[in-house]
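Chemist: Okay, sequence plus prediction incoming.
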Amino acid sequence: MTDSEAPRQEIELLIERGVVLPMTGEQDLLWDGAVAVDGGRILAVGPTAELQQRFDARQTIDAHEQLVMPGLVNTHMHLFGAFARGLVNDLSFTPWIQKKFYVTSKGLNPDNYYLGTQFTSVEMLKTGTTSFLDCGTYQDLEEAAVAGVETAGIRAVLARAMADVQDDLAEFLTRSDQLTRENLESGEAYIERFDRAAGGRVRAWPCPIQVTSASDELCAGAMELAERYDVGVVTHSNVDREDIEAHGLRFGGTRPIERFNSLGILNRRFAGTHMAWLSDEEVRLLLETGASAIHCPSASMKGAYGAFSKGRFPELMAGGGIVGLGTDGPAASCFLDMFREVHLAATGHKEARLDWTLISPYEALELATIGSARAMLLEDEIGTLEPGKRADVILLDLMRPEMVPWHEDNLLANLVYSGTGNLVHTVVVDGRVVVRAGSVLTMDEDAVMRAMQKEAPRFVQLSREWDAKFWPEDHTKPHQFRKEAPA
């Protein structure tokens, strides 16, 4: 029997006739390519004619004049910021965090946290993000977050907030256990209950929320949980000059990454977010230990953190370090479109260093796909289009004005320097079509938007409350910390 006469394998889905960018190498581009999917996983990637001969699909997607690529991976956002978009602005890092925690801690409940999870998932899915890491899932609201992810059909790491030090940053974080033991015991119960929920699309991590709000014992305990349950640990670290100053005051002049290394928890399971202010020694430690650094360009630009003017991301990338990309939450960047982050990552360092050779378009796309997948410990499951991986795939409309004309000499450049999430036409997560022709199929978008709008006054009032009580007398200057941090 010849190959043409061999029986074809029946599968669930065949995406065919597309320009396939598998993110397995800059030259691995198929101009008439196809992706075969069955059981939620990718079976094959190859020329359309070849896969049409091998497979008989129950559903076919014609991707003619579309780019087929892995779903984007957002390694830093905040579900608790869904209702705070545009309410927390023009403050230095510490009062900015204080106001965000005040508004969200007081305003959130299980019902609106579920709604906010749906809302943020709508925005992410419509702009091509198929996986995200929530850095600080609020205590007592975890079940609502998991339910929201399950309904949306998206993939998520939900990293539960932990804090046992009531420092300036955690002053208004009212949703947190106060004792180290309570944090670790409830964190373990959370992982046992929710890790691999939603058909495996949810992973549950511990999250010491800020480097100054978590004791050595809590950080070490979080890593012990991660190792025991085969998950990761994520925190906000080296965010900006205030973060470094506050950490030095509390922990005897040490820098965060050096402290974590001395605790023995700087390893492949560790992810530090923002990481704008790294010393030479901290860069060396990250490269040596395999720990991840998460770059959030837009949040840094809005909050003046210094990720471009002070950041060492080009050095980390050149050294083979693991670097992910994130939007931060709606209260920070004010958007969840990862294509906009890709653009900033590819251009911001060029401007800051007057070096046009830094971070090519393909390297910027790697940050949002396989780089972020590595940071989420999911590189064996997502981040590229390869046989055996989960079928998280997005299709982009190449005939939109921002992409035309497109050809082999400009496709990646157009995508990175010109494209946004508006290019997204179809989104597949775990082999299931969740967005078609730009519309989300898993939720009632209009109902979600109207419910969000109806809920907004509660958070506007809390924002005004904080402004009246706590707005800094001179908000143009950095936060002033106590010269001696409490024991």
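Modeler: Sure, I can see it. Treat the numbers as computed from the prediction; the structure is a model and nothing was measured.

Chemist: neighbouring contacts of the longest strand seen in the chain?
Modeler: Scanning the chain for the longest strand, with DSSP state E as the assignment, gives strand 9-20. Contacts with strand 9-20, where a contact means C-beta atoms under 8 Å, 6 or more residues apart in numbering, come from 29-39, 43, 45, 48, 51-52, 54-64, 66-69, 385, 391, 393, 395, 398, 411, 428, 431, 433. For glycine as for every other residue, the C-beta is placed from the backbone atoms N, C-alpha and C.

Chemist: and if we set it to 6 Å?
Modeler: Strand 9-20 is contacted from outside by 30-31, 33-38, 48, 55-64, 66-68, using C-beta atoms under 6 Å, 6 or more residues apart in numbering.

Chemist: Endpoints of stretch 292-312, how far apart?
Modeler: 13 Å (C-alpha to C-alpha, to the nearest Å).

Chemist: Wait, a helix at Leu412?
Modeler: Yes. Secondary structure of Leu412, determined by DSSP: H, G, I helix; E, B strand; the rest coil: located in a helix.

Chemist: which residues touch Asp56?
Modeler: 8, 10.

Chemist: The one helix or strand it maps to vs strand 9-20, what angle?
Modeler: Asp56 belongs to strand 55-62 when assigned by DSSP states H and E. Here strand 55-62 runs at 40 degrees with respect to strand 9-20, directions being taken by axes from the mean of the first three to the mean of the last three C-alpha atoms, to 10 degrees.

Chemist: Pull the distance from the helix or strand following strand 55-62 to the chain's centre.
Modeler: On the C-terminal side of strand 55-62, the closest following helix or strand by DSSP H and E is strand 66-70. Per C-alpha atoms, centre = their mean, to the nearest Å, the displacement of strand 66-70 from the mean C-alpha position of its chain is 20 Å.

Chemist: Point out the other helices and strands that strand 66-70 packs with.
Modeler: In terms of contacts (3 or more C-beta pairs under 6 Å, 6 or more residues apart in numbering; DSSP states H and E), strand 66-70 is packed against strand 9-20, strand 393-397.

Chemist: so which of the ones you listed comes closest to Ile97?
Modeler: Nearest of those to Ile97, taken as C-beta to C-beta: strand 393-397 at 32.6 Å.

Chemist: Relative to the whole chain's centre, how far out is the closest one?
Modeler: Mean C-alpha position of strand 393-397 versus that of the full chain (C-alpha atoms, centre = their mean) differs by 19 Å.

Chemist: Just the residues contacting it, thanks.
Modeler: By C-beta under 6 Å, 6+ apart, the residues outside strand 393-397 that reach it are 63, 66-69, 71, 128, 423-428.

Chemist: repeat for stretch 423-443
Modeler: For stretch 423-443, contacts defined as C-beta under 6 Å, 6+ apart pick out 37, 40, 118, 122, 125, 127-128, 130, 152-153, 390-397, 400.

Chemist: buried stuff in the longest helix seen in the chain?
Modeler: Determined from DSSP state H, the single longest helix within the chain is helix 445-470. For helix 445-470, the neighbour count (16 or more other C-beta atoms under 10 Å) marks 448, 451-452, 455, 458-459, 462-463, 466 as buried.

Chemist: Between those residues, which sits nearest Ser105?
Modeler: Proximity of these to Ser105 (C-beta to C-beta) peaks at Leu462, which lies at 9.2 Å.

Chemist: ok, the closest one - contacts?
Modeler: In this structure, Leu462 makes contact with 103, 106-107, judged by C-beta under 6 Å, 6+ apart.

Chemist: thinking again about what came up before, roughly how far out does the strand holding Asp56 sit from the chain middle?
Modeler: Once both centres are worked out by C-alpha atoms, centre = their mean, strand 55-62 turns out to sit 31 Å from its chain's centre.

Chemist: Stretch 422-433 too?
Modeler: 17 Å.

Chemist: The longest strand of the chain to strand 393-397, inter-axis angle?
Modeler: 40 degrees.

Chemist: Which strands or helices does whichever helix or strand comes after strand 9-20 pack on?
Modeler: Stepping forward along the backbone from strand 9-20, the first helix or strand reached (DSSP H and E) is strand 30-38. In this structure, strand 30-38 packs against strand 9-20, strand 41-47, helix 48-54, with contacts taken as 3+ C-beta pairs under 6 Å, 6+ apart.

Chemist: Quick one: mean pLDDT over strand 30-38.
Modeler: When pLDDT is averaged over strand 30-38, the result is 98.

Chemist: got it, and stretch 173-181?
Modeler: Averaging pLDDT along stretch 173-181 gives 88.

Chemist: Identify all contacting residues around that stretch.
Modeler: For stretch 173-181, contacts defined as C-beta under 6 Å, 6+ apart pick out 101, 105, 138-139, 163-164, 183, 186, 215, 217-218.

Chemist: what's the neighbour count on Glu143?
Modeler: When neighbours are counted by other C-beta atoms under 10 Å, Glu143 registers 15.

Chemist: Quick check: phi and psi at it.
Modeler: Note on Glu143: backbone dihedrals following degrees, to the nearest 10 are phi -60, psi -40.

Chemist: Relative to Pro110, how far out is it?
Modeler: Distance of Glu143 to Pro110, given as C-beta to C-beta, to the nearest Å: 7 Å.
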